[in-house]
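Asks: no sequence for this one, just the structure:
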């Protein structure tokens, strides 16, 4: 799969809308090429990207720019540092590494509310599937050669000559990575798998000596993979995107991350390379040779390379261990357990890393006593085991998922739902579980009655992934087709969901329900779903356009008045609240109604939307 860089834009969300007049006035004052432009300035928001809201600025038909800003609201001191992105782009703009040319950095919040920077627009194609299924063999080969060349060119640059000598601490970069992901894994599981403990122990013991003080520190991208590169029509790299994680560090970590897709198990099919490789895609060895040849380096020591690759795989394993932990805390479908967070997947990732290690270190296996010591205290331990959790797997394959037993009655999802499950599970792993700490902190902080900007950003990503309004059954979708012409064409494919059956949605709903924060990100949360269903079934077309449509688009929220004094409000026959026509009993001349009742709780009443 691939996408055009200008194709996934939409109207800015309410919380992210910009004052176009004030912005244009500022841009005319700092960019000479715009001094004579009188407007209008058209602003669209990218649906793909990272946590910093990103916009396409269109000035007539000839010029397009990109604006990237901090989200609104109170932020952690080191979060969303758009000035760091601007600095690294500025430093790289005159080098062989193609990046969008940065034009101006603005720290004045009076312009659009937060600091931002503007850069040139990178027009081209992004390949979102590493297998490039629609490309020819020659095209695949060219793209992968450019992938390796671009990373080599980045790592060949001297940070000091770029003015980036203070951009980060390059020492012990990989050792810090091992410590971070080890703690996250052990905090996520009840009983660590021995094979993962073996992996952690080997990583801790095997950090290459060069990592302590790299002889040639480099600017590392931190997330260097194929779908972060933009290619022009000649399949040359026109821009490297997403520099949020850039710092100074060990360049081999970037190289291994670029090559990780060669080693992922079949269960992670959306991000792995097929076996055998599609025609034209080079082997891992050839890609590595291309990188080294470009830099004038020897191939890395086999044991060191095994370490760098194992760290990359272990990072992914630790994220998915968090998926499994959350599945055990809520209702999860068997498809969820089997496809993304099962012991089999975690074991397969651990085995992939250990197999790489075993080829270079025959003493890689850790004794059981050493594994027990590691679990007990060498790294921060996970939650205590309880009687309800005592059946956790040790990785032997004998564990029978509690949720698999209790979800058996659902039966198997359809082919369409199964495909959506794979996408949903990957989205949950990459974007929901990884950000739960941020949402939790916000919910208990001083700004808890505001909407965290990451919430709105992830909604855009969910729409782009086709994971929007999945609660809508097919028969309802058929009756709401008149709403499609009311929205931009780019929103129509997801506005009315995927036309699933209730049974198929149950599988997806079970996955969403493993995180408190997830359902809203997919526009599948109460009370909105119930209120939308009422409007869909009983509302007039005018009411549907006025109220249902903005709910379906995620532009507003709704509320639901529940508990009544001294009655069980869940029983409709006991509810004392009433709605009455304000006209006389024999007249319908008035269109007014009076609602009278006493409610003790209203879901969603404090939502500012």
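Replies: Great, that's in hand. Computed from a prediction, not measured in an experiment: that's the story for all the values here.

Asks: all contacts plus neighbour counts: C-alpha atoms, from now on.
Replies: Will do.

Asks: Is residue 199 part of a helix or strand, or is it coil?
Replies: Three-state call for residue 199 (DSSP: H, G, I helix; E, B strand; the rest coil): helix.

Asks: So which residues make contact with stretch 206-224?
Replies: Under the contact criterion CA atoms under 8 Å, 6 or more residues apart in numbering, stretch 206-224 has outside partners 151, 154-159, 170-175, 242-243, 245-251, 254-255, 257-258, 304, 307.

Asks: In helices, which of those fall?
Replies: The members of the contacts of stretch 206-224 that map onto helices under DSSP state H are 151, 154-155, 159, 173-175, 251, 254-255, 257-258, 304, 307.

Asks: okay if I get those as JSON lines plus neighbour count and distance to residue 358?
Replies: JSON lines is the format used below for the ones in helices among the contacts of stretch 206-224 (neighbours: other CA atoms under 10 Å; distance: CA to CA, whole Å):
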{"residue": "151", "neighbour count": "23", "distance to residue 358": "28"}
{"residue": "154", "neighbour count": "21", "distance to residue 358": "31"}
{"residue": "155", "neighbour count": "25", "distance to residue 358": "29"}
{"residue": "159", "neighbour count": "21", "distance to residue 358": "35"}
{"residue": "173", "neighbour count": "21", "distance to residue 358": "24"}
{"residue": "174", "neighbour count": "24", "distance to residue 358": "20"}
{"residue": "175", "neighbour count": "18", "distance to residue 358": "20"}
{"residue": "251", "neighbour count": "26", "distance to residue 358": "23"}
{"residue": "254", "neighbour count": "23", "distance to residue 358": "22"}
{"residue": "255", "neighbour count": "27", "distance to residue 358": "20"}
{"residue": "257", "neighbour count": "19", "distance to residue 358": "20"}
{"residue": "258", "neighbour count": "23", "distance to residue 358": "21"}
{"residue": "304", "neighbour count": "18", "distance to residue 358": "13"}
{"residue": "307", "neighbour count": "27", "distance to residue 358": "11"}
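
Asks: From the residues you listed, pick the one nearest residue 227.
Replies: In terms of CA to CA, no member of the ones in helices among the contacts of stretch 206-224 lies closer to residue 227 than residue 258, at 10.5 Å.

Asks: While we're on the nearest residue to that closest one once chain neighbours are set aside, how confident is the model there?
Replies: Excluding its sequence neighbours, the residue lying closest to residue 258 (CA to CA, 6 or more residues apart in numbering) is residue 225, at 5.1 Å. The score at residue 225 is 93. That number is its pLDDT.

Asks: what's the answer for residue 441, then?
Replies: 81.

Asks: what do you get for the one 5 residues further on?
Replies: According to the predicted model, the pLDDT of residue 446 comes to 78.

Asks: Please apply the same query to residue 503.
Replies: For residue 503, the predicted pLDDT is 87.

Asks: same thing with residue 71?
Replies: 76.

Asks: Correct me if wrong: it contacts residue 116.
Replies: No - counting by CA atoms under 8 Å, residue 71 sits too far from residue 116 to count as a contact (9.5 Å).

Asks: ok, which stretches of the stretch 201-350 of the chain are helices?
Replies: 251-259, 284-295, 302-327, 334-336, 343-358 (DSSP state H, counting those that start in this stretch).

Asks: TSV please, covering these and showing distance to residue 477.
Replies: Converted to TSV, those look like this (distance: least, CA to CA, whole Å):
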stretch	distance to residue 477
helix 251-259	42
helix 284-295	46
helix 302-327	30
helix 334-336	25
helix 343-358	36
